[in-house]
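Q: Below is the sequence, then the predicted model.
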Amino acid sequence: MTVNKYFSENKNPTEQNLLEDIAIEIIQMAGTDIKYIPRNMINNDEILNENNRALFEKGITIEAYLNNAENYGGQGYFIGQFGNVVDRTMSFSIAKKRFKQEVKMDFPKEGDLIYVPWNNALFQIDYVEHETNFYQHQKNYLFELKCSLFTASYEEFETEIDKVDEQLDRDVFNDDGYAQNEEIIEESQDILDFSEENPLGDL
Amino acid sequence: MAIYLATIRKTIAAFGSIFSDIYINRYTESGGNGEIMNTLKVPLRYSPADKFLTILKETVRDGSAVRLKHTLPRMSFEMLGMDYDSTRKLLSMNGMCPVDVSTTAGIAQYFRQMNPVPYNYNFRLSIAAKKTEDIFQVVEQIFPHFAPSYNLTIKDVESMGITRDVPVIIESIEKEDNYDGTYEDNRIVVWHLYFKVKGYIYPPITNADVIKSVETTLYDKTKTSNTKIEKITVSVDPIDAKYEDEWTIETDIEDFTITR
């Protein structure tokens, strides 16, 4: 016994296109413009399996629907061992067809970034759900991007998004109100009887 | 009156100063190969803090700065606790008694302080980074100097002229790396380095006046008698002389046997 061919197996391209167009239209009406920033992995460590050098060199505008209806996800602000942590998560839906048209990539990639202009937030894509809404008319029309606020670590930014490029410029990056290096050095000058130069620190 | 010598605070600052000048390089290729593109100082912080002071330093809440989760690499340190070290105990009744002629308009002031009490300070230094290689760059600057100890010369009690070599000993190293789990949990690599600092806690400094007159009385003490024989008084003349004045030592002997 197989499924009833008059009711199931509905993969009529016309129906699929209609659904896709409706999805795109809804995102364009109820969504927001974001900047999609691809990660250019210049150098990967083949032993430690890490992306050693990343360049973010463009920000492409595309519309996205915010799946968080009321607020961010995540734990919010908390104080950790290393100071403030802002744990915010957000989920975006992007139409597959529109993504290919605008970004010129087949699909979003984990590790790429999303800049949301209206709240001045930079998110990293942690996971891309390719099967969101699960095969309506046997096809998927959306990518769901599960994102969290970006942890910056001296990457290279040439996105032409002024706020991002200026703040994450590695030459000025360190001034986040976190470091106490200078205060500790100043205090220790009165405490230590240490006329020689600190042996630590010369790489 | 409470005496606060801030010895623990000094030890914390001295410990932090060892790690306040550490850098990482960004290379054009992995494994430290290629050219150095940037050299970055690793931020260091003493972990415990007032929560409101910490949140007030956050600049993204008014929207003026791009919102990020945080920035890495970072280092933080914390004093975890202290314990008494009986193996380094000093004689309790011994101490130091330096003279300070610079105080109280030239009058010699003697300060006395008993021996300090040995305490071990337990510290943790934590290093967090997005990439393991950043951690390697940091620890490879630290480890060569600890074999397993590194000596800090701390001016413990400057007014008493006490300067001590304090060994900082690396005890253990732990590694955290949450590379497993769901893709929505961000990876962070953290190494914890545990240290023991062999320090001291100092008793209060007391102001000891100069002894200018000493009396000694001699008795003929037997089973049947207890007769005062002689009283010897040794004193500075004049008795109110200052340290830098002209003065002599006078000895006066009062003989009680004559009147018997």
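A: Good, I have the coordinates.
Q: Now for chain A: which strand has the highest residue count?
A: strand A:83-95 (DSSP state E).
Q: who are the neighbours of that strand, in terms of helices and strands?
A: In terms of contacts (3 or more Cβ pairs under 8 Å, 6 or more residues apart in numbering or on different chains; DSSP states H and E), strand A:83-95 is packed against helix A:13-30, strand A:60-66, strand A:73-80, strand A:121-129, strand A:142-149, helix B:51-56, strand B:70-71. Where you see a C-beta, it was placed from the backbone N, CA and C, and this is true even at glycine.
Q: Between those, which has the poorest mean confidence score?
A: Of all the helices and strands packed on strand A:83-95, the minimum mean pLDDT falls on helix B:51-56 (a mean of 81).
Q: Okay, now the unreliable bits of the chain?
A: Just going to use chain A. Low-confidence segments of chain A (pLDDT under 70): A:7-10, A:170-177, A:194-203.
Q: try again with chain B
A: Chain B contains residues with pLDDT under 70 at B:1, B:59-62, B:97-109, B:259-260.
Q: and the following helix or strand past the longest strand of chain A, which residues are buried?
A: Downstream of strand A:83-95, the first helix or strand assigned by DSSP states H and E is helix A:96-103. Neighbour-count burial for helix A:96-103, counted by 16 or more other Cβ atoms under 10 Å in any protein chain shown, picks out A:Lys96, A:Arg98, A:Phe99, A:Val103.
Q: Quick check: closest non-adjacent residue to the second one.
A: Nearest residue to A:Arg98 in three dimensions, chain neighbours excluded: A:Ile24, at 5.8 Å (Cβ to Cβ, 6 or more residues apart in numbering or on different chains).
Q: who touches the one you found in this structure?
A: Taking Cβ atoms under 8 Å, 6 or more residues apart in numbering or on different chains, we find A:Ile24 in contact with A:Ala95, A:Lys97, A:Arg98.
Q: That one and A:Lys96, how far apart?
A: 9 Å (Cβ to Cβ, to the nearest Å).
Q: Would you mind naming what in the stretch 101-250 of chain B lies close to chain A?
A: With Cβ under 8 Å from any Cβ of the partner chain as the criterion, the stretch 101-250 of chain B comes near chain A at residues B:126, B:128-134, B:137, B:141-142, B:145, B:152-155, B:163, B:182-184, B:186, B:188.
Q: which among the residues you listed end up buried?
A: B:126, B:128-134, B:137, B:141-142, B:152, B:154-155, B:186, B:188.
Q: and B:Glu133, what is it in contact with?
A: If a contact means Cβ under 8 Å, 6+ apart, then B:Glu133 has A:Asp45, A:Leu48, A:Glu50, A:Asn52, B:Ser30, B:Gly31 as its contacts.
Q: what's downstream of the host helix or strand of B:Val236, the next helix or strand?
A: Following DSSP H and E, one finds B:Val236 within strand B:226-237. Counting by DSSP H and E, the next helix or strand C-terminal to strand B:226-237 is strand B:248-255.
Q: Taking the centroid of chain A, which residue is nearest it?
A: By Cα atoms, centre = their mean, chain A has its centre lying nearest to A:Gln124, at 1.9 Å.
Q: Could you double-check that that residue lies in contact with A:Gly111?
A: Yes: between A:Gln124 and A:Gly111 there is a contact at 6.7 Å, judged by Cβ atoms under 8 Å.
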